[in-house]
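Asker: from the sequence below, what's the structure:
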Amino acid sequence: MQDPSEFQPTAGEPVPPPATEAATASETNAPPAPIETTAATTPTAPIKDPNDPANLREESLGERNDGGYKTTFHVYKMDQQVCYYLERIYNLESKMVRMIKRSVDGRSETRFDPTTGDVERIFECYTLPDGNHLSKEKRYLAEDQTTESILVVCPRGSLVRAVVAEAAGQINVFQGQTEFSSDGHATISINHWFDRKNSKMTRREQIQWLPGGERGVTEHFFFAEDGGLLYYRKLLYHPGSDRFLEEIHHYEAKSQKLRRKEIKSFERNQDLADMEVTIFDDNGAVVETGKTRVSRAQLAQAG
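Answerer: The predicted structure follows:
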């Protein structure tokens, strides 16, 4: 009997493929299975803040002696990026009297009292994101008082904004801001005064400027210690007639109800003014009204 392993097919008879080859052919004719892919995730390093001293590295660039003063030069880098350059100026007693900081978008200078080492003045100038240039100066005065002024100038050199602030310790006592038009004329000013003890606003002034520099509308708001409005004054100027119209409101401190309204009209150099007075009751109804001519000088002396 012939061994099955030695079986050979006769000529012309098809040879069945092995089971493994048949499975391979079947898989080849089948549509390919979708390939699962996973996106490669690369861990991102945290973004460093160049304003954080912990992220900066200081390198010394040497020093220079000139006229009794010694200047040391430094550069502060974050990785390989230069953030700013720093100059420290010392007097003959090795006390720092000035410090200058330069960066790609600006410059600042700090002056120190040579005796006490206290900061006397800080000046900064740099370019804003909108292309305007800002300069700021802060002065430290006696009794822990400070004054600060800020100017914003457009690339053409015209004023855009001016800010003035005064403080006693950590409390602002005055802050004023003026906006300017594209041709450099003032358009509006807003000024605030604050109580030195509790930092609450005591007075607000708002001015709308005319192109010629005159005050077109001036408004004053006077406040009580609890923040309530006590007194309101509005002065309007009419350039054509060179006349003024003044309106004054008196309010009750607790209820904030309007109690008295005064309206005066007068010319620029005229002492006498036409005045109308209206008195209101608790419900806001008019209880008394009258007209008269008064002396502006006497009214100013009366308060």
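Asker: Lys284 should be in a strand, yeah?
Answerer: No Lys there; residue 284 is Gly. No - judged by DSSP: H, G, I helix; E, B strand; the rest coil, Gly284 forms no part of a strand; its state is coil.
Asker: quick one, what contacts it?
Answerer: Residues in contact with Gly284 (Cβ atoms under 8 Å, 6 or more residues apart in numbering) are Lys257, Leu258. Yep, even glycine has a C-beta here, placed from its N, CA and C like the rest.
Asker: do Ile190 as well
Answerer: Gly176, Gln177, Arg204, Glu205, Gln206, Ile207.
Asker: neighbouring strands of the helix or strand harbouring it in the sheet, and parallel or not?
Answerer: Using DSSP states H and E, Ile190 sits in strand 186-194. Its sheet considered, strand 186-194 pairs with strand 171-180 (antiparallel), strand 201-209 (antiparallel) by DSSP bridges.
Asker: can you add mean neighbour count and give those strands back as CSV?
Answerer: Shown next, in CSV, are the strands paired with strand 186-194 (neighbours: other Cβ atoms under 10 Å):
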stretch, mean neighbour count
strand 171-180, 16
strand 201-209, 16
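Asker: these: which one's closest to Asp195?
Answerer: With Cβ to Cβ, the closest approach to Asp195 among the strands paired with strand 186-194 belongs to strand 201-209: 5.4 Å.
Asker: what is the rounded mean pLDDT of the closest one?
Answerer: Strand 201-209 comes out with an average pLDDT of 96.
Asker: any chance of a markdown table for the strands paired with strand 186-194, columns distance to Leu229?
Answerer: Shown next, in a markdown table, are these (distance: least, Cβ to Cβ, whole Å):
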| stretch | distance to Leu229 |
| --- | --- |
| strand 171-180 | 19 |
| strand 201-209 | 10 |
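Asker: out of the ones you listed, which gets nearest to Ala253?
Answerer: Of those, nearest to Ala253 by Cβ to Cβ is strand 201-209, at 13.5 Å.
Asker: buried ones in the helix or strand following the closest one, by neighbour count?
Answerer: As assigned by DSSP H and E, the chain's next helix or strand after strand 201-209 is strand 215-223. For strand 215-223, burial by neighbour count (16 or more other Cβ atoms under 10 Å) applies to Gly216, Thr218, Glu219, His220, Phe221, Phe223.
Asker: and the second one, how far from Tyr76?
Answerer: As defined by Cβ to Cβ, to the nearest Å, Thr218 lies at a distance of 48 Å from Tyr76.
Asker: chain neighbours aside, what residue packs nearest to Cys203?
Answerer: For residue 203 the amino acid is Arg, not Cys. Take Arg203 and drop its neighbours on the chain: the residue closest to it by Cβ to Cβ, 6 or more residues apart in numbering is Trp193, 4.3 Å away.
Asker: related to what we said a few turns ago, and the strand holding Ile190 with strand 215-223, angle?
Answerer: 20 degrees (axes from the mean of the first three to the mean of the last three Cα atoms, to 10 degrees).
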